[in-house]
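>>> what's the 3D shape of this:
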Amino acid sequence: MKRLALVVLLLAGTLAYANNSKIAPELQNYPSTQKANIIVQYAPGTQVNCSGLLGLVDCLLNDILKLGGTILGDLPLVNGVVAQLDGNGIVSLSNQSNVVYISPDRALTPALSNAAPAINAFSAWQSGYTGAGIGVALVDSGISSHPDLNGGSRGASRVVYSQSFLPSNSGTNDQYGHGTHVAGLIAGDGASSTGAQYSRTFEGIAPGATLLNLRVLDQNGEGTDSSVISAIATAISLKQRFNIRVMNLSLGREVYETYKLDPLCQAVEAAWKSGIVVVVSAGNNGRTQASDGYGTITSPGNDPYVITVGAMKPMGTPTRTDDLIASYSSKGPTAADAIVKPDVVAPGNLLVSLEASNSTLYNEFPTDQVPYSYYVNGGSSASSSSYFSLSGTSMAAGVVSGAVADMLQKTPGLTPDQVKARLMKTAWKSLPSYSSYTDPVSGITYTDQYDIFTVGAGYVDLEAALANTDLAKGTAMSPTATFNASNDSVYLKDSPSAVWNTSATWSNAAVWGTSQFLVGSGAITASETPSPTVSGSNALWGGNALWGGNALWGGNALWSGNALWGGNALWGGNALWGGSVPTGEN
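Residues are numbered from 1 along each chain as shown. So this is what the prediction gives:
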C-alpha cells in the first residue's frame with residue numbers, strides 16, 4: 001500500500017498541467033518535443049536583464065535553460081526574453097509564478113501625391129512648420145539613400161541613425177521598398193521633383209524632420225515581434241540624443257490576445273509613456289466579407305494608447321471633399337478588447353513617394369512604377385528612378401507621422417496624449433454616410449458606412465490641429481465598445497483616466513462628431529451610463545441592420561474565438577496583413 005502511494009506521488013510529480021491563462025492560443029497543446037521561438041514576459045521585479053558574471057545563464061538557469069531551452073535574446077523593454085523551448089518546456093514554464101505570459105515570436109509584415117493638400121499641409125509649411133528639429137523613428141524595412149532625404153547640415157542625409165534588428169542581416173538599406181516609401185511620405189523634401197521642368201512635386205508632410213532608420217523587415221517584408229521590440233527599445237534609449245518625438249510603425253500582425261498581454265502592445269506603450277507619439281497602421285483587411293471588415297485592426301494598432309490610422313482615397317484631386325474610405329482599410333472594434341479603432345483616417349491610396357532601387361516591391365509590381373511623363377514636362381513613358389506608387393494604411397500612417405512632427409515643432413511641450421486628443425478633435429468630419437467600390441477583378445462590391453469603427457474621429461486636418469490650443473488633461477486612450485443584448489445596441493465606455501466626456505470641450509460629439517455614432521439618428525452622445533442600466537439614447541447603433549443582433553456581437557465569430565480568429569484565411573499569413581496594397585483602388 002505504501003509502495004502504491006509512493007508510485008502515485010512520483011507519477012504526480014512528473015505530470016505537468018498547462019496554465020493556459022499564461023500561454024498564447026497558438027502555443028496551447030503545442031507538440032511536446034517540437035521547439036518554438038517564444039517571448040516570455042516576467043512579472044515586475046523579476047531579474048531578467050542580469051548583470052552578474054554569468055549574465056542571463058546565471059539569472060534564468062532554473063527556468064528556460066534547465067527545461068532544455070535556449071536563450072536567444074534579452075527584451076528588457078517588456079521585462080522578458082526571446083527563447084527557444086519545446087512544448088513540454090512551455091507547459092512547465094507556464095506554472096512558474098514569475099512568468100506573466102508566453103507567446104510565439106510572431107511574424108510581422110509591413111501594413112501617396114495628393115496627400116499634402118488633402119490634410120491641409122500647405123498651411124503648415126507656409127507658417128514654417130516642416131517638422132524641423134523633430135526626430136521620427138521609422139520601424140520598417142529600412143531606408144535607402146535618396147536625394148529627397150538629404151538637406152541636413154551641409155546637405156547631408158536627414159537619416160541620422162541606422163541599425164538593423166534582423167538576426168541574419170546587418171544591412172540597413174531597404175531591400176523590400178516599403179520603408180523608403182513611408183520615409184518619403186513622412187519627410188521627403190521633393191528635391192527630385194522640384195523645378196520648372198516638373199508638373200508635380202512629391203513632398204512629405206514634414207520635409208524638415210530627421211529620420212532614424214530602424215530596420216526590422218527583410219527583403220520579403222517579413223519580421224518578428226522580438227525584432228520590433230528591440231527596435232522600439234533602441235528608439236527609447238536614443239530619444240534624448242536625437243529628440244525622437246514620433247515613432248512610425250507601418251506594420252502589424254493578427255491579434256491573438258488582449259493588448260494587456262501582447263508583448264508588441266506593451267512595447268509601444270512603453271514608448272508612448274516615455275514621451276514618444278506612436279503612430280500605427282490599422283491594417284488592410286477591410287474587405288473581409290465574414291464581418292464586413294469589422295474587427296480586423298492589427299496589432300499593435302489595437303493598443304488604446306497609440307494613434308491608429310485608416311486609409312482614405314484622395315480620388316486624384318487635391319481637394320478632400322470628394323475623398324472616400326479605401327475598402328481595404330481595416331475597421332474596429334479590436335479583437336479581444338473591443339477597443340474603438342481606428343482613431344483617425346488619412347490619405348493612403350495610390351500615393352507616390354520614394355523608390356528604393358531594385359527593391360522587391362518595385363520589381364514585383366511594375367504597374368506601380370511611375371513614368372516620367374507623370375511628373376516631368378515632356379517626360380517619356382520610361383519608369384522613374386526616383387518615385388514609386390503604393391497604397392495601404394501603411395502609407396496613411398506615414399502621412400500622420402509627418403503631421404505629428406509638424407505639430408511638435410510648433411508646440412514641443414505637447415505630450416503624446418495631448419497630440420492624439422488634439423489630432424482627433426480637429427479631424428474633418430464632413431464625410432459621406434456610405435460609399436461603395438467594385439473590385440474589377442473579382443466583381444465584388446464592397447460598401448462602407450462611415451461610422452466610428454471605419455473612420456474614427458475623422459479625416460486628419462493639419463491646419464486645424466495647428467490652430468487648436470486645447471490641452472487634454474488626462475489620457476487619450478481609445479474607448480471600449482460594449483454590447484447590450486437586451487436592446488441590440490453598442491455603447492462607448494471611456495477609461496477613467498481618459499479626457500473624453502470630462503467637459504463639453506472633450507465630449508464625444510466634439511471629438512468624434514455626431515454622424516459617426518448612430519446611423520439615421522440625431523443622437524449626440526455614445527457613452528455608457530454609470531449605472532448598470534444602459535440608456536438607449538446613448539447607443540452607437542440601436543436595431544441597425546449591421547449591429548442589431550448581428551454576428552459581430554452575439555457570442556459569435558468575432559468574440560467567441562471562432563473561425564475569424566482561429567488561424568483561418570484572414571489571419572493565416574495573409575499577404576495584405578498590415579502592409580501595402582500595391583494595386584490600390586481607382
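
>>> go through stretch 241-261 and flag the buried ones.
Buried residues in stretch 241-261, counted by 16 or more other Cβ atoms under 10 Å: 242, 244-257, 259, 261. For every residue, glycine as well, the C-beta is placed using N, CA and C.

>>> no no, stretch 168-182
By 16+ other Cβ under 10 Å, the buried positions in stretch 168-182 come out as 172-182.

>>> got it, and stretch 359-379?
Buried, per 16+ other Cβ under 10 Å, within stretch 359-379: 359-362, 365, 368-370, 372, 374-376.

>>> which two in the buried residues of stretch 168-182 are spaced the farthest apart?
With Cβ to Cβ as the measure, no two of those lie farther apart than Thr172 and His181, at 15.8 Å.

>>> that older thread, dump the buried residues of stretch 168-182 to CSV, plus pLDDT and distance to Val499.
What follows is the buried residues of stretch 168-182, written out as CSV (pLDDT from 0 to 100; distance: Cβ to Cβ, whole Å):
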residue, pLDDT, distance to Val499
Thr172, 97, 39
Asn173, 97, 42
Asp174, 97, 38
Gln175, 96, 42
Tyr176, 95, 38
Gly177, 95, 39
His178, 96, 34
Gly179, 97, 33
Thr180, 98, 37
His181, 96, 34
Val182, 97, 30
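
>>> now, these that are in helices?
Among those, the members falling in helices (DSSP state H) are 178-182.

>>> I'd say Ser380 and Tyr374 touch.
No. Look at Ser380 against Tyr374 with Cβ atoms under 8 Å: they stay out of range, at 10.7 Å.

>>> what's in contact with the helix or strand in which Arg241 is found?
In the assignment (DSSP states H and E), Arg241 maps to helix 239-242. With contact meaning Cβ atoms under 8 Å, 6 or more residues apart in numbering, helix 239-242 is reached by 135, 160-161, 210, 212, 274-276.

>>> and for stretch 66-78?
Under Cβ under 8 Å, 6+ apart, the answer for stretch 66-78 is 37, 39, 41, 48-49, 56-57, 60, 64-65, 81-86, 88-89, 92-93, 226, 229-230, 232-233, 236, 263, 266-267, 270.

>>> among those, name the ones in strands.
37, 39, 41, 81-86 (DSSP state E).

>>> how about Ser389: what's its closest non-neighbour residue?
Spatially, and ignoring its direct neighbours in sequence, Ser389 is nearest to Asp368 (4.5 Å; Cβ to Cβ, 6 or more residues apart in numbering).

>>> got the phi and psi for that neighbour?
phi -90, psi 0 (degrees, to the nearest 10).

>>> ok, it touching Leu390?
Yes. Asp368 lies in contact with Leu390 (Cβ under 8 Å); the separation is 6.5 Å.

>>> quick revisit: could you pick out the buried ones from the contacts of helix 239-242?
Buried by 16+ other Cβ under 10 Å: 135, 160-161, 210, 212, 274, 276, out of the contacts of helix 239-242.

>>> just the CA atoms of the lengthiest helix in the chain, as PDB, please.
The single longest helix within the chain, with elements called by DSSP H, is helix 393-410. Provided in PDB are the C-alpha atoms of helix 393-410 (Å, rounded to 0.1, in the frame of the first residue of the first chain):
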ATOM      1  CA  THR A 393      -2.900  52.000 -44.300                       C
ATOM      2  CA  SER A 394       0.900  51.900 -44.000                       C
ATOM      3  CA  MET A 395       1.100  54.900 -46.300                       C
ATOM      4  CA  ALA A 396      -1.700  56.700 -44.300                       C
ATOM      5  CA  ALA A 397       0.300  56.200 -41.000                       C
ATOM      6  CA  GLY A 398       3.300  57.800 -42.600                       C
ATOM      7  CA  VAL A 399       1.200  60.900 -43.500                       C
ATOM      8  CA  VAL A 400       0.000  61.200 -39.900                       C
ATOM      9  CA  SER A 401       3.500  60.800 -38.500                       C
ATOM     10  CA  GLY A 402       4.600  63.700 -40.600                       C
ATOM     11  CA  ALA A 403       1.700  65.800 -39.400                       C
ATOM     12  CA  VAL A 404       2.600  65.000 -35.800                       C
ATOM     13  CA  ALA A 405       6.200  66.100 -36.400                       C
ATOM     14  CA  ASP A 406       4.900  69.500 -37.600                       C
ATOM     15  CA  MET A 407       2.600  69.800 -34.600                       C
ATOM     16  CA  LEU A 408       5.500  69.100 -32.200                       C
ATOM     17  CA  GLN A 409       7.800  71.600 -34.000                       C
ATOM     18  CA  LYS A 410       5.200  74.300 -33.200                       C
END
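
>>> quick check: buried residues in that helix?
Buried, per 16+ other Cβ under 10 Å, within helix 393-410: 393-409.

>>> for that helix, the distance to its chain's centre please.
Centre-to-centre, helix 393-410 and its host chain are 13 Å apart (Cα atoms, centre = their mean, to the nearest Å).

>>> so how far is Asn88 from Ser103?
18 Å (Cβ to Cβ, to the nearest Å).

>>> then Ser353?
49 Å.

>>> cool, Pro31 as well?
9 Å.

>>> more crowded one of these two?
Asn88 (16 against 10; other Cβ atoms under 10 Å).

>>> grab the nearest non-local neighbour of that one.
Counting by Cβ to Cβ, 6+ apart, Asn88 lies nearest to Ser32, which is 4.7 Å off, once chain neighbours are set aside.

>>> in three-state terms, how would that neighbour be classified?
With DSSP: H, G, I helix; E, B strand; the rest coil as the basis, Ser32 sits in coil.

>>> do you know the pLDDT at it?
Per-residue confidence (pLDDT) for Ser32: 92.

>>> contact partners for it?
Contacts for Ser32 were tallied using Cβ under 8 Å, 6+ apart; they are 86-88.

>>> now swap in Thr319 and tell me
Applying Cβ under 8 Å, 6+ apart, one finds that Thr319 lies in contact with 117-118.

>>> ok, now how distant is it from Ile119?
12 Å.

>>> helices or strands up against the helix or strand encompassing Val279?
Using DSSP H and E, Val279 sits within strand 277-281. Applying 3 or more Cβ pairs under 8 Å, 6 or more residues apart in numbering; DSSP states H and E, we find strand 277-281 packed against strand 244-249, helix 263-273, strand 307-313, helix 393-410, helix 416-425.

>>> can you rerun that using 7 Å?
In terms of contacts (3 or more Cβ pairs under 7 Å, 6 or more residues apart in numbering; DSSP states H and E), strand 277-281 is packed against strand 244-249, helix 263-273, strand 307-313, helix 393-410.

>>> can you pull the contacts of Gly474?
Gly474 makes contact with 497-499, 502 under the criterion Cβ atoms under 7 Å, 6 or more residues apart in numbering.

>>> in the stretch 251-400 of the chain, which ranges drop under the pLDDT threshold?
Along the stretch 251-400 of the chain, no part satisfies pLDDT under 70.

>>> would you list the buried residues of stretch 359-379 in TSV and tack on distance to Val460?
Listed next are the buried residues of stretch 359-379 as TSV, based on distance: Cβ to Cβ, whole Å:
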residue	distance to Val460
Ser359	28
Thr360	29
Leu361	25
Tyr362	28
Phe365	27
Asp368	24
Gln369	28
Val370	24
Tyr372	31
Tyr374	25
Tyr375	24
Val376	30
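
>>> show me the residues you listed that map onto strands.
Within these, residues falling in strands by DSSP E are 369-370.

>>> closest to Ala191 out of the buried residues of stretch 359-379?
In terms of Cβ to Cβ, no member of these lies closer to Ala191 than Tyr375, at 13.0 Å.

>>> contacts only, for Gly135.
The contact partners of Gly135, by Cβ under 7 Å, 6+ apart, come to 210, 212, 242-245.
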